Every structure is written in C-alpha cells, then in structure tokens.
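# this one's structure only:
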C-alpha cells in the first residue's frame, strides 16, 4: 500500500487553531470528521500484512446471484 496513505490510516492529526489537519505528502489538508475511505478488491480471499490489518478494518462481504435464480 502506498506509504502516502499512512497518515490517513493512522489518523495522525495536527491541531491548528482548533481545526484538525492531516499531512498528505508535502501539504497539509483540513480534515473533515465525515471523511470515510473504502478500499475494494476483486480478490476472493485477499492476504494482507499484519501492519495493514492493524490500520484497517477488513470486512469480507461476498455477493452471489444464487438466490436470484428461478
């Protein structure tokens, strides 16, 4: 995974004047509490390192069409 995403995944905020900022690359961006980040994969059984598993929540959600057949 791109190391640029680490501050987002680890929620490394900087407070300035009561406003939360997050450093992405060389710039600081204002952080919105409503921000959500989703990663999707087509892999049926993805394998992630312990570091990634510790920074994220992995939800195994599979959709099948079996129930739609008549």
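Great, that's in hand. Worth saying up front: this structure is predicted, and the values here are computed from it rather than measured.
# biggest strand in the protein, by residue count?
Scanning the chain for the longest strand, with DSSP state E as the assignment, gives strand 19-24.
# Strand partners (parallel or antiparallel) of the helix or strand just after that one?
As assigned by DSSP states H and E, the chain's next helix or strand after strand 19-24 is strand 27-30. Using DSSP bridges, the strands paired with strand 27-30 are strand 19-24 (antiparallel).
# contacting residues around the strand it pairs with?
4, 7-8, 11-15, 28-31, 33 (C-beta atoms under 8 Å, 6 or more residues apart in numbering). Every C-beta, even on glycine, is put in place using the N, C-alpha and C of the backbone.
# Could you rerun that using 10 Å?
4-8, 10-15, 27-33, 35 (C-beta atoms under 10 Å, 6 or more residues apart in numbering).
# got the buried residues for it?
residue 22 (16 or more other C-beta atoms under 10 Å).
# Next step: the contacts of strand 19-24 restricted to strands.
For those, the ones inside strands are 13, 14, 15, 27, 28, 29, 30, with DSSP E as the criterion.
# from these, which is closest to residue 58?
residue 13 (23.4 Å; C-beta to C-beta).
# where's the closest one relative to residue 40, distance?
26 Å (C-beta to C-beta, to the nearest Å).
# now do residue 32
Noted for residue 32: a distance of 21 Å to residue 40, by C-beta to C-beta.
# Looking at residue 13 and residue 40, which one has more neighbours?
Taking other C-beta atoms under 10 Å, residue 13 and residue 40 do not tie; residue 13 has more neighbours (13 against 6).
# Skipping adjacent residues, who's closest to the more buried one in space?
Excluding its sequence neighbours, the residue lying closest to residue 13 (C-beta to C-beta, 6 or more residues apart in numbering) is residue 20, at 4.6 Å.
# Look up which residues are beta-bridged to the one you found.
Assigned bridge partners for residue 20, using DSSP bridges, are residue 15.
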